[in-house]
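> Any chance you could fold what I've pasted below:
(2 chains)
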Amino acid sequence: MIELKNINKIYEVNEQHRVEALKNIDLTVKQGEVVVLKGASGSGKSTILSLIAGLSKPTSGEVVVDSKKISKLPDNFATIYRRENIGFIFQKYNLIPTLSVSDNILLPLVPLNLDTKELDTKLNSVLEMFNIAHKKDSIVKNLSGGEQQRVAIARANINEPKIIIADEPTANLDKELSLDFIEQVNGLKKSGKTIVIATHDPLFFNLDFVDREIGVDNGEINL
Amino acid sequence: MILSPEVLTIFILNLIFALFGTIAFYLSVKIYFGWDLESSSKKQYKLEKQSFLTATIIKYIFAIKVPLFLFFVFTIDKISNVLTGAMCGAGVIDATSYGIYLLILKIINLYLFAYWLVLHSQDMKDEKQRFTKVKFGFFSIIFLLFISELIIESLMFGAIDVDKMVSCCGTIYSATSSSYISTIFQVKSYILLASFYGVFLLMILSYIFKNKYLYAFLNMLFIFSSLVSLIVFFGTYIYELPTHHCPFCLLQKDYYYIGYLLYTTLFLGTFYGLITGFLPSSKTIVKNNFNKSLFFNIVYVVIISLYPIVYFLKNGVWL
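Reported below is the predicted structural model:
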């Protein structure tokens, strides 16, 4: 379970210029839930995601994931938490264009020093799951946008995370590919993952498998 | 006052140290009094960020301080060329009343900073950051010694009079010396050697029985017995001269810079030995520190013992 308790986040550029990104946010996401955070650009959606992922710390308040205070973890422990619990899907995929599909997907496993057999098993499993086995040796820059997003989802799942975080995942995809992506999110929900998506893509609204849609406006939550 | 390029370098670095050290001190005091890891307040999050900044400053000061200590030794050795009477760094240290206090303070600070680093490394491995308050409280205290060192260093270089004749190491480190150093020559060599090797053997026993407190205490004794036996006995075999006892000349090229190796192994061995008793840590870390300490201490004892043995094998007599 993910809990955000009385979160405030202020970005201080300098003494005169400070941006209040989140204001007294309280939010709970239960295990296995799919939650869509919707709102305009700059509303604070991505900040919420970065706090859940332990990428940044709040100015005040607490982020608790499965009874662990993520916001209180020192950086090196936050890194381990992310590696073990979080899968990221980004708007621009964030793949390494000159590496192959397999190498990109295996990247999160590098620090774990797994043996080749175990790496192959995990790789084949996600390649099959996301229908990209036939492209495993292709160089990423030669793939289409939809294929690249599939590689990104496969990479996010290779370490079998409990939580999937997606930040504007369909912003670079056309409608058909976006619907394909949504179908894959549905598949991930069925496998028991907790999924938090920040988007302003209307395709994500009123979906059957989405448990909650939460509006974020000017750093505040509109339930 | 002496203003060689080396001394100027030390002055400039000291100024930078003083500036950043003061910032680290201010933040350390703030963290020490305000730290509450359980709190999710704005103040606590700010302190957490500042703790990383402060630790980084202290780490960098130490990272520069270790080579700077060697540079200091090199500098006093070089200055000895322009001081009439001085043959090595000993003459420069003895040239002013600050020299010996500065040297002692520098060595103590080296041990304290190294201890701080180990404390910090333990803290970084602990999710609950149990040592944060302790390490910043500890830095607040050692900062005062650190600043004292910088002041005494400036006073020492400022007080050196290049026109004044100073004593050479042969005079300072002799039984006829007017300083307190002469007292160590009153002790018989066999008593010194018995205490040196005795402490070393006890250290090995306490290592075997893994008594960390006794081991740390013996390491403290080992520092003194090593330095005194080096000056009174082993040094003469390094120089192959029964009347020469200087602990500085062995840092020179004529003796293949062996002093750097000897002092480094002695420092590392005794440092790891001391922290086995003074650092609350897991059994694995204590075991690692035990092993590192014993390794460096053995290297020191083997090297220093080889000098008289080799001399005897070559010449058939003892000095």
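> So what pairs up with the spatially most central residue of chain A in the strands?
Centroid-nearest residue in chain A, with CA atoms, centre = their mean: residue A:165, separated by 1.8 Å. Here residue A:165 sits in beta bridges with residue A:88, residue A:196, as judged by DSSP bridges.
> Isn't it up against residue A:85?
No: with contact defined as CB atoms under 8 Å, residue A:165 does not count as touching residue A:85 (10.2 Å). Backbone N, C-alpha and C define where each C-beta goes, glycine included.
> sorry, back to before: who are the contact partners of the residue nearest to the centre of chain A?
Counting by CB atoms under 8 Å, 6 or more residues apart in numbering or on different chains, residue A:165 touches A:49, A:52-53, A:86-89, A:195-197.
> Tell me the one of those residues nearest chain B?
Nearest to chain B, judged by CB to the nearest CB, of these is residue A:52 at 15.5 Å.
> if I pick that closest one, what's in contact with it?
Contacts of residue A:52 (CB under 8 Å, 6+ apart): A:2, A:4, A:63, A:65, A:70, A:86, A:163, A:165, A:196.
> From these, which land in strands?
A:2, A:4, A:63, A:65, A:86, A:163, A:165, A:196 (DSSP state E).
> Could you export these as TSV, including distance to residue B:216 and pLDDT?
As requested, the ones in strands among the contacts of residue A:52 are exported to TSV (distance: CB to CB, whole Å; pLDDT from 0 to 100):
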residue	distance to residue B:216	pLDDT
A:2	46	94
A:4	47	95
A:63	42	95
A:65	41	94
A:86	43	93
A:163	46	95
A:165	48	94
A:196	51	95
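> Which pair of these spans the longest distance?
A:4 and A:86 (15.1 Å; CB to CB).
> how close does the residue nearest to the centre of chain A sit to residue A:140?
21 Å (CB to CB, to the nearest Å).
> do the same with residue A:131
Distance from residue A:131 to residue A:140, by CB to CB: 16 Å.
> isn't residue B:24 right next to residue B:140, touching?
No: with contacts defined as CB under 8 Å, residue B:24 does not count as touching residue B:140, sitting 9.3 Å away.
> Quick one: residues contacting residue A:57.
With CB under 8 Å, 6+ apart, residue A:57 has these contacts: A:51, A:71, B:45, B:48-49.
> quick revisit: next, give me the two most distant ones among the contacts of residue A:52.
Using CB to CB, these reach their maximum pairwise distance at A:4 and A:86, which is 15.1 Å.
> Low-confidence regions, the stretch 151-300 of chain B specifically.
B:177-180 (pLDDT under 70).
> hang on, the earlier thing: more neighbours: residue A:131 and residue A:140, which one.
residue A:140 (21 against 13; other CB atoms under 10 Å in any protein chain shown).
> Work out for me the element residue A:8 sits within.
strand A:2-12 (DSSP states H and E).
> Can you tell me how far residue B:41 is from residue A:2?
Here residue B:41 is placed at a distance of 21 Å from residue A:2 (CB to CB).
> And those two? Which one has more around it.
residue A:2 (22 against 13).
> for the nearest residue to the more buried one once chain neighbours are set aside, what are its contacts?
Among residues not flanking residue A:2 along the chain, residue A:29 sits closest, at 4.2 Å (CB to CB, 6 or more residues apart in numbering or on different chains). Residue A:29 is in contact with A:1-3, A:35, A:194, A:196, counting by CB under 8 Å, 6+ apart.
> Name the residues of the top helix by length along chain B that are buried.
When chain B is parsed with DSSP state H, its longest helix is helix B:42-79. Neighbour counts using 16 or more other CB atoms under 10 Å in any protein chain shown place B:44-45, B:47-48, B:50-51, B:54-55, B:57-59, B:61-62, B:65, B:68-69, B:71-73, B:75-77, B:79 of helix B:42-79 among the buried residues.
> Ok, stretch A:157-174 next?
A:157-159, A:161-170, A:172-173.
> where does chain A come near chain B, residue by residue?
By the rule CB under 8 Å from any CB of the partner chain, the part of chain A lying against chain B is A:5-6, A:8, A:57-62, A:69, A:71-77.
> rerun at 10 Å
Within reach of chain B by CB under 10 Å from any CB of the partner chain, chain A has these residues: A:5-8, A:10, A:57-64, A:68-69, A:71-77, A:80-81.
> now the helices for the chain?
You didn't pick a chain, so chain A it is. Going by DSSP H, chain A shows helices at A:45-52, A:75-85, A:101-106, A:116-129, A:145-157, A:175-190.
> nope, chain B please
Using DSSP H, helices in chain B cover B:5-34, B:42-79, B:89-95, B:99-124, B:132-159, B:169-172, B:189-208, B:212-229, B:235-239, B:258-278, B:283-315.
> Does chain A have contacts with the fourth one?
Right, the one you point to is helix B:99-124. Yes: applying CB under 10 Å from any CB, one finds helix B:99-124 in contact with chain A at B:123-124.
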